[in-house]
Every structure is written in structure tokens, then in C-alpha cells.
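>>> Whatever this is, show me its structure:
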Amino acid sequence: MTTLDISWLSSEQGQTIIKRASEFTDALQSNTALRKQFPEISTDLISQAITQANLRRNLSRRWQIETNKFLLTDDGINQATRPRVARYRAEWIKKQFGKSVRVLDMTCGLGFDSLAMAHAGLQVHAIEREEVTAECARHNLRATDVEVAIGDATQSDVAGFDVIFVDPARRNPNAPRRIDGTSSRIFNPQDWSPSWDFINSVAQQVPVVAKVAPGIEDTALIHWDAQWISDGGDVVEAMLTRFKSSSQGSRCAVLLNHDVEKSLTFTGNTDAPIDNSGKFLICPDGAITPAGALDVVAHLVDGGLVNEHIGWLTSSNEQAVVQLLAIDPQPADCFEIIGRNKCDAKEIAKAIKDVPASAITIMTRGVSVDVDVFRRRIAHSLDRHAPELVVALYREDCGNQAIIARRLTKAQLAH
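Got it, this is the predicted structure:
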């Protein structure tokens, strides 16, 4: 594996060639043109510049941000925090502890969380164990006062810090790479780096804010407060916090707005009622279910759960559904139900054969099906002028069921 020459990539010449490489989308064409234009530069450095240009392009597409100032790695990008999420966390820490708080970013990676915390005015010290990644972080944080040390988080001295932020590595660097270049995920928290036991031990000394996968098991959450964070409808992480004896095991969902100050928080208080007879299907944002806040959505739409197994709801209160769709960020996708059937491909195909559709979307909860195969079995001739048709399959004790529906939008309901 080629070792990145961070010194050269950070230099004026390196940055110039990366910028030039970004003008090409074809790697071979880029390599040929750059070697001709810069014959004095080694082929290895040209290749590194092209890789950086590609990584910047991919990250820019993913996050919709300007990435020309960053040095990146594949693994670092896979672990990195989205800018809006990092900004939310930084502002949350500032509100909880004050602007002068001293934060130790124990596993800083490429430095995006440290960058957000520094921009929020926090005093940040960062640690990264992998040398090349640490050098990239230093470059990415060069316009801040953040110092990046190379070291092992488990050997960190936490004395003198008010808050510890930790984002444990949850991918196996030694496992074979997938075709997209990513490595396999590690699901056992004790196998993370640093381990969950270590993180808990740190929380006995200093308040800890931890970024973990949103699917973390409940057994690992004892003594931790948890926020499931959704950005643009994607549940991106669970943010866990533990302040010695002050944490109450609270749970909430946070739906981020472009302006993080206007983000929505949903905290559940009771079980949601059951009501599967409504005219509208309500599919809450994926952060709301693990946070136990389905009762809040049920109250907003004057409805209830399809059943006790499934985090979908129905409602017959059109005005409440319209009001829900007007909320920003939107807490749920909403659909008008036009039919109900057993979860049987032949019956569904018969039921929808005369229903015009530009596309057929299959949604599932608690039902194991090959979505592509099922769609082909029920599909009919599509009409590109017709609206989308949605088939929602869900688990039911009396036999799996299907709801046939049309997606509702703010524009449709406005008319």
C-alpha cells in the first residue's frame, strides 16, 4: 500500500496538481495529461494527487459541501461525521458545558468533528493513532488552534479536560475489502477501538460524548443518555452521553434542520395506541422508533400504530396529516391508502393491474422478501405520467399484510 506523502500533498505544488486533477473525470486521461504537464513529478505523486481529487469529488457529492481544502483517505471518509451533524454536536456541547469548555477528541480521524467544535469556539485537543490520518487531520485543521497528537486513545491522559468526545472505529481494517473499497463493520461494541468497556471506564472520570452506530443494542446503553440523529431523513448515528451519576437513560430523536438551531427533538413518554384502520399511512423518520417517540407522532396525526410490532401508523385525520407534512424537517413520510391486501404477490398484482403508476416502490417492515423479485412479480405496464405507487408490506400475527398507497407531498395537499 502506498504511503501518502502528506508534506507534498499539502504543498503549493501538490495542491495545484490536485486541483488540476479535479478537472478530469477519467483517471487514465487525468494521469496522461498530468504526467505530460508535470514531467518532473514522479508517477507515484501524480497518482496520489489524482486519488485526492477523486476523494474530494466523491465527498462533495455525498455531503454537498466544498471539499477543496481537505486531505482525505477512504477509511477516514467512511468514519467521518457529516458537517451538519458535527455542527449540531459542537453546539450541543457548548450549550451543556459553556463556550470555554476543554474537549479531548480522543479518536479524531480526519478531524471533521474537531473542526466543527473549533468553529463553535470550543478548546479542542485531538488524538489520532494512525499517522497518515493524523497528518491529514493536521492539514484539515490548519486554520484552527486544534493540536493533533499521534497516539493510542487508551493511553490518553484525560486529566484537565471537561469533556471527552470519542468515535470508536467500527470497521475491521484487517478484513478483506468489499468491491466499493469499504471494510466490514464490527457489531460487538467490545471489539470497537477503543472498546465499549474502555469508554465506560473513561465516563467514570470525565463526561463523555460518544458517536456510535444507530443500531447499537439496548444492553450497551445502560447508564447512557441517547439521541438518535437523522439528517435529511437518514439516521446517521446515535449520540450517547454519560456524565457520571447525572445521566438518566433518556432517549430522544433529533431531526436536523439546515439551521441546526431549528432542529426538532422528539421525546416519547408513553406507548402509542394501536389503530390500523386509518385512511393515511404514516412512516416516521427512522430516528423516532429507536428513541421510543412513536407516541409523539401518533398524537400529532391523531392516529395509532398499524400493530404493536411495526413502527408505522395510520390516521384518518387529514388536517393533522397536512399539518405534519408542513413541519420542517419532516417527521414522517405520509401516504394515502387506496387498498389493503394480503401479502401475496398474485393478489397484489391483480389489485393494482388497473392502477396507473410511473414506478412501484416496495416498503417492508418485519417481512423478509427479495424486493426486486417481488416488484417484478406484481409489476404492470408503467405510465411515466402517473404518480408513484407504493406497496407497503408488514408483519401481522394473522398473516403478513400489504397496504397499497400513493405518496403525499406538501404541494399535493396545498391544492
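
>>> Least confident secondary structure element in the chain?
Sorting the helices and strands of the chain by mean pLDDT, DSSP states H and E puts helix 410-414 at the bottom, at a mean of 64.

>>> Helix, strand or coil: sort out Lys99 for me.
The assignment at Lys99 comes out as coil when based on DSSP: H, G, I helix; E, B strand; the rest coil.

>>> can I assume it is in contact with Ala118?
No: in this structure, Lys99 sits apart from Ala118 without contact. The criterion is C-beta atoms under 8 Å, and the distance is 11.8 Å. C-beta here means a position set from N, CA and C on the backbone, and glycine is covered the same way.

>>> who has more neighbours, the two?
Neighbour comparison, Lys99 and Ala118: the larger count goes to Ala118, with 21 against 11 (by other C-beta atoms under 10 Å).

>>> gap between that one and Ile327?
Taking C-beta to C-beta, to the nearest Å as the measure, Ala118 falls 32 Å from Ile327.

>>> burial of Thr43, as a residue count?
Neighbouring residues of Thr43 were enumerated by other C-beta under 10 Å; the total is 10.

>>> Which pLDDT value goes with the residue nearest to it when sequence neighbours are not counted?
Nearest non-adjacent residue to Thr43, counting by C-beta to C-beta, 6 or more residues apart in numbering: Arg35, 6.7 Å away. In this prediction, Arg35 carries a pLDDT score of 95.

>>> helix or strand right after the helix or strand that contains Arg35?
Of the helices and strands defined by DSSP states H and E, Arg35 is found in helix 27-37. As assigned by DSSP H and E, the chain's next helix or strand after helix 27-37 is helix 43-63.

>>> circling back to that earlier point, compute the inter-axis angle for the helix holding Arg35 and helix 43-63.
Helix 27-37 and helix 43-63 are oriented at 130 degrees to each other (axes from the mean of the first three to the mean of the last three C-alpha atoms, to 10 degrees).

>>> mind checking how far helix 27-37 is from the chain centre?
Centroid separation for helix 27-37 versus its chain: 35 Å, with C-alpha atoms, centre = their mean, to the nearest Å.

>>> now stretch 128-141
Once both centres are worked out by C-alpha atoms, centre = their mean, stretch 128-141 turns out to sit 23 Å from its chain's centre.

>>> Make 830 the first number, not 1, from now on.
Yep, numbering from 830; the last one is stretch 957-970 now.

>>> Report the buried residues of it.
Using 16 or more other C-beta atoms under 10 Å as the test for burial, stretch 957-970 gives 957-959, 961-970.

>>> Next, format these as TSV and append pLDDT, distance to Ser1059 and secondary structure.
Written out in TSV, the entries for the buried residues of stretch 957-970 read as follows (pLDDT from 0 to 100; distance: C-beta to C-beta, whole Å; DSSP: H, G, I helix; E, B strand; the rest coil):
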residue	pLDDT	distance to Ser1059	secondary structure
Glu957	97	28	strand
Arg958	95	30	coil
Glu959	94	30	coil
Val961	95	32	helix
Thr962	96	27	helix
Ala963	97	31	helix
Glu964	97	33	helix
Cys965	97	28	helix
Ala966	98	27	helix
Arg967	97	32	helix
His968	97	31	helix
Asn969	98	26	helix
Leu970	98	27	coil
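
>>> gap between Val1038 and Glu959?
As defined by C-beta to C-beta, Val1038 lies at a distance of 22 Å from Glu959.

>>> check which helix or strand covers Thr1143.
Counting by DSSP H and E, Thr1143 is found in strand 1139-1144.

>>> helices or strands next to the helix or strand immediately after that strand in the chain in the packing?
Beyond strand 1139-1144 on the C-terminal side, the first helix or strand identified by DSSP H and E is helix 1147-1154. The elements that helix 1147-1154 packs onto, with contact taken as 3 or more C-beta pairs under 8 Å, 6 or more residues apart in numbering; DSSP states H and E, are strand 1109-1113, helix 1123-1130, strand 1161-1171, helix 1239-1243.

>>> how about a cut-off of 7 Å?
Of the remaining helices and strands, those touching helix 1147-1154 by 3 or more C-beta pairs under 7 Å, 6 or more residues apart in numbering; DSSP states H and E are helix 1123-1130, strand 1161-1171, helix 1239-1243.

>>> Deepest in the core, which of those is it.
Among the helices and strands packed on helix 1147-1154, helix 1123-1130 has the highest mean neighbour count (mean count of other C-beta atoms under 10 Å), at a mean of 22.

>>> Could you tell me the angle between the direction of it and that of strand 1139-1144?
Taking the same axes, to 10 degrees, helix 1123-1130 and strand 1139-1144 form an angle of 20 degrees between their directions.

>>> what angle do helix 1123-1130 and strand 1161-1171 make?
Orientation of helix 1123-1130 against strand 1161-1171 (the same axes, to 10 degrees) gives an angle of 90 degrees.

>>> where does helix 1123-1130 sit relative to the chain's centre, distance-wise?
What separates the centre of helix 1123-1130 from the centre of its chain is 23 Å, taken as C-alpha atoms, centre = their mean.

>>> Burial check on Thr983, number of neighbours?
Taking other C-beta under 10 Å as the neighbour definition, Thr983 ends up with a count of 14.

>>> who's in contact with it?
With contacts defined as C-beta atoms under 7 Å, 6 or more residues apart in numbering, the neighbours of Thr983 are 1023, 1027.

>>> That one in helix, strand or coil?
Assigned state for Thr983: helix (three-state reduction, three-state DSSP).

>>> Show the model's pLDDT score for it.
At Thr983, pLDDT is 94.

>>> Looks to me like Asn907 is in a strand.
No: when three-state DSSP is applied, Asn907 is found to be helix, with no strand at that position.

>>> which residues of this protein fall in helices?
Remark: helices assigned in the chain by DSSP state H are 835-839, 841-850, 856-866, 872-892, 903-908, 912-926, 941-948, 960-969, 1025-1032, 1123-1130, 1147-1154, 1174-1181, 1200-1207, 1239-1243.

>>> Pipe the ones you listed into a markdown table and attach distance to Phe994 per row.
Listed next are the helices of the chain as a markdown table, based on distance: least, C-beta to C-beta, whole Å:
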| stretch | distance to Phe994 |
| --- | --- |
| helix 835-839 | 24 |
| helix 841-850 | 29 |
| helix 856-866 | 36 |
| helix 872-892 | 20 |
| helix 903-908 | 13 |
| helix 912-926 | 8 |
| helix 941-948 | 6 |
| helix 960-969 | 14 |
| helix 1025-1032 | 11 |
| helix 1123-1130 | 28 |
| helix 1147-1154 | 34 |
| helix 1174-1181 | 48 |
| helix 1200-1207 | 38 |
| helix 1239-1243 | 37 |
